[in-house]
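Q: sequence? don't have it. structure:
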């Protein structure tokens, strides 16, 4: 998308933005009947035409709005008007917008072009579509354009992989995509097959993978900056491509949604794309333990005792608590083999987090106040909100096993997202700055582009903002 600091004499298309207060001031300059239909409220659109020009009046709501609300308005606008928006130079009128607010508007226009399967046929991706905005210098506009496209590329990749049906995202398909991604962005790519995982002792991950018809793909992707003294982020994304629940079979009614059980991994993939396109001065080590959770004669069974990578033994009481098994090995492998300043895992982990927060926010657990506060602040800024929950020692009693060091669920019908976090804490190898994000309720849900539940892109803007502002 081209953003240009100029104004032509004539325009076929104009986007004019108003807060409620700005409309009150300006309404007298318009046909008085318009005020019956438009008042600048959030999401309001009024299309005003004459012989030469189509002007979209776009309502942003109160002037006290937060920046992310401008993105929400632009997303909805480009979703709803996609058939009507023309690929032509377009004047944006909004004298009151600050630089960051204009950036959110541009991001929203791009993100609103997503629908599955994604292609860039929307008018806004057409090279003939330009935004003309006089209020910012060309240098600032160039920076906003680059940043917005990098974010859109990251988030749409995240949504695309989460929305793919199970038969289109088998481990080998995702693997070759990641290999090509690494090549394109000059990232270091490593994958461990089942044989290699056995040699390394990645037993918790392999317990889930052993029932699969597909080889293991324990994948490590590294993004390196040339900046000196850069911080290193360790990211682990739960990557269960399809979760049947295994022998502890899930209820079939909503099982088709289990194509979404890789929401942690897709957030990490989107973040890697953003970091690489923006050349952000941080290092990232990302681990994606790729597998499905299938049923076969080789599948792991309730009562199995597994030895994890760090040597701890786990009694499997429920094969549908598989996410924490693969994350356990992902976390301890990362903590033992790489030096990272932060260790963050993301996972569509528990129904308990969904029952607690619905699609309002992710459940967060952290052993570090600085990281916890930073994550909450970043969540509030990006509207990818998190709420902190406790990691009290009392919960550890619930994962003590009679036949192993730990058991993978508590068997009590309460607080499973906390139990899962307490379980994962046993595999961070005393890392001082760890956060676990249970995003089961927010990664997949109602969206403006789909009738059924679909990918929201949750996690990409959260992590992108985090890495961008912490170095």
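A: Arrived safely. The shown structure was predicted, so the numbers you read here are calculated from the model rather than taken from an experiment.

Q: chain center to the longest helix along the chain: distance?
A: The residue-count maximum for a helix in the chain (DSSP state H) belongs to helix 138-163. Relative to the centre of its chain, helix 138-163 is centred 13 Å away, using CA atoms, centre = their mean, to the nearest Å.

Q: now swap in stretch 201-211 and tell me
A: The answer for stretch 201-211 is 26 Å, by CA atoms, centre = their mean.

Q: what is the longest helix of the chain packed up against?
A: strand 2-4, helix 99-111, helix 263-278, strand 454-455, helix 460-468 (3 or more CB pairs under 8 Å, 6 or more residues apart in numbering; DSSP states H and E). For the C-beta atoms, the positions are set from N, CA and C on the backbone; glycine is no exception.

Q: show me what the first one is in contact with.
A: Applying CB atoms under 8 Å, 6 or more residues apart in numbering, the contact partners of strand 2-4 are 89, 106, 127, 129-133, 138, 141-142, 144-145.

Q: quick one: strands adjacent to the following helix or strand past that strand?
A: Using DSSP states H and E, the helix or strand that follows strand 2-4 towards the C-terminus is strand 13-19. Here strand 13-19 is paired, per DSSP bridges, with strand 54-61 (parallel), strand 89-93 (parallel).

Q: mind listing what residue 242 touches?
A: When contacts are taken as CB under 8 Å, 6+ apart, residue 242 is in contact with 166, 169, 258-259, 261, 292-294.

Q: mind redoing it with 10 Å?
A: 165-167, 169-170, 212, 255-256, 258-262, 291-294 (CB atoms under 10 Å, 6 or more residues apart in numbering).

Q: and it, how close does it get to residue 294?
A: 8 Å (CB to CB, to the nearest Å).

Q: which residues are common contacts for these two?
A: Listed as contacting both residue 242 and residue 294 by CB under 10 Å, 6+ apart are residue 212.

Q: filter the contacts of residue 242 to the buried ones?
A: With burial judged by 16 or more other CB atoms under 10 Å, the buried subset of the contacts of residue 242 is 169-170, 212, 258-262, 291-294.

Q: kindly indicate which of those residues lies nearest residue 230.
A: Nearest to residue 230 among the buried ones among the contacts of residue 242: residue 262, at 28.0 Å, using CB to CB.

Q: please report the distance of the closest residue to residue 145 other than its chain neighbours from residue 212.
A: In this structure, residue 145 finds its nearest non-sequential neighbour in residue 3, 4.6 Å apart by CB to CB, 6 or more residues apart in numbering. Using CB to CB, we find residue 3 at a distance of 46 Å from residue 212.

Q: same thing with residue 288?
A: Residue 288 is 15 Å from residue 212, by CB to CB.

Q: and residue 227, how far from residue 233?
A: Distance from residue 227 to residue 233, by CB to CB: 13 Å.

Q: can you point out the buried residues in stretch 31-43?
A: Buried residues in stretch 31-43 (16+ other CB under 10 Å): 38-40, 42.

Q: so how far is it from its chain's centroid?
A: With CA atoms, centre = their mean as the basis, stretch 31-43 stands 35 Å off its chain's centre.

Q: mean confidence (pLDDT) on it, please.
A: Averaged over stretch 31-43, pLDDT sits at 96.

Q: give me the distance between the two termini of that stretch.
A: 21 Å (CA to CA, to the nearest Å).

Q: which residues are contacting that stretch?
A: 17-28, 30, 44-48, 57-63, 65, 69-70, 72-73, 76-77, 80.

Q: circling back to that earlier point, nearest to residue 345 among the buried ones among the contacts of residue 242?
A: residue 262 (13.3 Å).

Q: direction included, what does the lengthiest strand in the chain pair against?
A: When the chain is parsed with DSSP state E, its longest strand is strand 283-293. Using DSSP bridges, strand 283-293 pairs in its sheet with strand 217-223 (antiparallel), strand 232-237 (parallel), strand 239-243 (parallel).

Q: let me see the mean pLDDT of it.
A: Per-residue scores along strand 283-293 average to 98.

Q: and it, which residues are buried?
A: 283-293.

Q: with stretch 360-372 instead?
A: 361-368, 371-372.

Q: check stretch 411-425 too.
A: 415-425.

Q: tell me the buried residues within the contacts of strand 2-4.
A: The neighbour count (16+ other CB under 10 Å) marks 89, 106, 129-133, 141, 144-145 as buried among the contacts of strand 2-4.

Q: columns distance to residue 319 on top of those residues, output as CSV?
A: Formatted as CSV, these follow (distance: CB to CB, whole Å):
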residue, distance to residue 319
89, 57
106, 46
129, 50
130, 54
131, 51
132, 57
133, 55
141, 53
144, 48
145, 48
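
Q: taking the residues you listed, tell me the two that lie furthest apart.
A: So, the buried ones among the contacts of strand 2-4 by CB to CB: farthest apart are 89 and 144, at 17.1 Å.

Q: one step back: turn the helices and strands packed on helix 138-163 into CSV, including mean pLDDT and distance to residue 195.
A: Putting the helices and strands packed on helix 138-163 into CSV (pLDDT from 0 to 100; distance: least, CB to CB, whole Å) gives the following:
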stretch, mean pLDDT, distance to residue 195
strand 2-4, 97, 50
helix 99-111, 98, 41
helix 263-278, 98, 22
strand 454-455, 98, 33
helix 460-468, 98, 32
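
Q: show residues contacting stretch 189-199.
A: Residues from elsewhere that reach stretch 189-199 (CB under 10 Å, 6+ apart): 171, 175, 178-183, 200, 202-203, 205-206, 209-210, 212, 214-222, 287-291, 309, 329, 333.
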